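Peer 1: Just need the structure, nothing else, for what follows:
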Amino acid sequence: MAAAFEPDLLGCRVRLAAEEGHYCGTVHAVGARDGSVTLLGVTFGDGEQQQRLHGVQKFLRGDVRRIEVLERLVDDSLLLVQVALGYSDDSGGELLPRPDGYALLESAAELTEAVAFLRRQQTLGLAAEGVLLGRRGQLSLLTFAAAEFAFVVDVAACGGAAAVQQLRPLLEAADVQKVVHDCRGLSDLLAHQFGVGLTNVFDTQAAEVLLYHRQHGAMPAYVSSVAHTLVTRLGLLPRQVFFPHFRLERMREDQQVWLKRPLAEPLLEGAVKNVVYLRELRHVQMERLFSTFVRCVDVYLGAVRDADDEDASAAPYETHRVPLAVQAVLETPPTWPSRASPDYEQPGLVSNVLVGVDDGMQFTRNVWRSGRP
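Peer 2: Reported below is the predicted structural model:
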């Protein structure tokens, strides 16, 4: 029987029974509209098999067979404050510093000064806004976020093609990593319109695809929007990120809003919101992407150190062999059984989008979720 999620569950530590197993976590939100419950500090499994899941996890009413309240001692107001600051109880410690302000650049002189500063950074968040970004699209804004400050470049106001050429040394710099969420359109636009090759890119959307495959053992059919990824990976509140809504059949028309001047304040803030957290997102994703490698190194560290004297004495003669314990690390099954359904139109993929999502909506808050039809 489907569970009923009541508002008084907020702040409670609960245990959810789903088809694939048990989840424990603290209730962060209860959705009256979609019948959902969102948990923080989530673990999956029982006993020694428990595995910690990073970020927030959302469940629909139909996913949950039973819900049990473990304790009602958590102060939900405190919980929300922690999330608003970018912390969650499973974040693993302090996150990277975030920019404490931003500037809108509207002249070539301002851009020259900003490029000199950005060129000295090692890692930058980068995002682009415009109309149908690609070789036939129109570029409106390029936003860069360093640790201390963010810059929103009004490309047309700064000189159009000349502004992009000013940015070329930065965009092509091999010693400055650019963290982008879905670099496809921007890379195509820069290469075909301006002859600029975007270099040294960490694509957080590509990282999500790899992490999804590693976690579920299947290739997702749909990508994660930057806003939803920030909410799920960093535990941010929806109001801290920007959810763009574009109708697929009116994409060009809807995106014209990025070309209007003066730019509406909510759009300017939205352009900043989804880039200032990208460096943090990369940090979290890198930890997960390198988790298998780190476990392999741990095996190497203990392979001889923890062996008995007889095996340790033979170790110098066995250095040409891979430690057998590495095999167990590499053969570890997916960490969380998938609730997604096969995509029969594209064999080898799973349909990880909710059934009933509006076909005319490009992004939704739930687009990156392993849902069961």
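
Peer 1: Show me where the stretch 1-150 of the chain has its helices.
Peer 2: 76-84, 108-118 (DSSP state H, counting those that start in this stretch).

Peer 1: ugh, wrong one, the stretch 201-350 of the chain
Peer 2: Under DSSP H, counting those that start in this stretch, the stretch 201-350 of the chain gives helices at 204-216, 226-234, 251-255, 265-276, 278-289, 291-305, 309-314, 324-330.

Peer 1: Now mean pLDDT, distance to Y23 and mean neighbour count too, for those helices, in CSV please.
Peer 2: (Glycine included, C-beta is placed from N, CA and C.) CSV is the format used below for the helices of the stretch 201-350 of the chain (pLDDT from 0 to 100; distance: least, CB to CB, whole Å; neighbours: other CB atoms under 10 Å):
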stretch, mean pLDDT, distance to Y23, mean neighbour count
helix 204-216, 89, 14, 19
helix 226-234, 90, 14, 25
helix 251-255, 94, 37, 14
helix 265-276, 92, 28, 19
helix 278-289, 93, 18, 19
helix 291-305, 87, 20, 13
helix 309-314, 91, 40, 10
helix 324-330, 82, 25, 12
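
Peer 1: Figure out which of the ones you listed is closest to R135.
Peer 2: helix 251-255 (14.6 Å; CB to CB).

Peer 1: Off-centre distance for that closest one?
Peer 2: 25 Å (CA atoms, centre = their mean, to the nearest Å).

Peer 1: do the same with stretch 29-39
Peer 2: For stretch 29-39, the distance to the chain centre is 21 Å (CA atoms, centre = their mean).

Peer 1: Could you pull up the mean pLDDT of that stretch?
Peer 2: Confidence for stretch 29-39, expressed as mean pLDDT, is 75.

Peer 1: Just the buried residues of it, please?
Peer 2: 29, 31, 35-39 (16 or more other CB atoms under 10 Å).

Peer 1: Out of those residues, give me the two with the largest separation.
Peer 2: G35 and L39 (14.8 Å).

Peer 1: What's the separation between the spatially most distant residue from the centre of the chain and A325?
Peer 2: Here the chain reaches farthest from its C-alpha mean at E310, the gap being 47.6 Å by CA atoms, centre = their mean. Applying CB to CB, to the nearest Å, the value for E310 to A325 is 17 Å.

Peer 1: quick one: the residue farthest from the centre of the chain from E318, how far?
Peer 2: Remark: distance between E310 and E318 (CB to CB) = 12 Å.

Peer 1: now L141
Peer 2: From L141 to E318 the distance is 58 Å (CB to CB).

Peer 1: Who has more neighbours out of the two?
Peer 2: Legend: neighbour count by other CB atoms under 10 Å for L141 and E318, higher for L141 (23 against 12).

Peer 1: which one is that one nearest to, not counting chain neighbours?
Peer 2: Excluding the flanking residues, the one nearest L141 by CB to CB, 6 or more residues apart in numbering is E129, at 4.3 Å.

Peer 1: got the contact list for the one you found?
Peer 2: Applying CB atoms under 8 Å, 6 or more residues apart in numbering to E129 gives the contacts 140-141, 143, 258, 267, 271.

Peer 1: same thing but 6 Å
Peer 2: 140-141, 258, 271 (CB atoms under 6 Å, 6 or more residues apart in numbering).

Peer 1: And it, what's its pLDDT?
Peer 2: At E129, pLDDT is 97.

Peer 1: how near is it to C296?
Peer 2: 41 Å.

Peer 1: same deal with R214?
Peer 2: For R214, the distance to C296 equals 14 Å [CB to CB].

Peer 1: If L126 is in a bridge, with which residues?
Peer 2: F144 (DSSP bridges).

Peer 1: and it, how many residues sit next to it?
Peer 2: With other CB under 10 Å as criterion, L126 counts 24.

Peer 1: Surely it is in contact with H181?
Peer 2: No. L126 is beyond contact range of H181, at 9.2 Å (criterion: CB atoms under 6 Å).

Peer 1: Name the nearest residue to R288, sequence neighbours excluded.
Peer 2: Spatially, and ignoring its direct neighbours in sequence, R288 is nearest to L211 (5.7 Å; CB to CB, 6+ apart).
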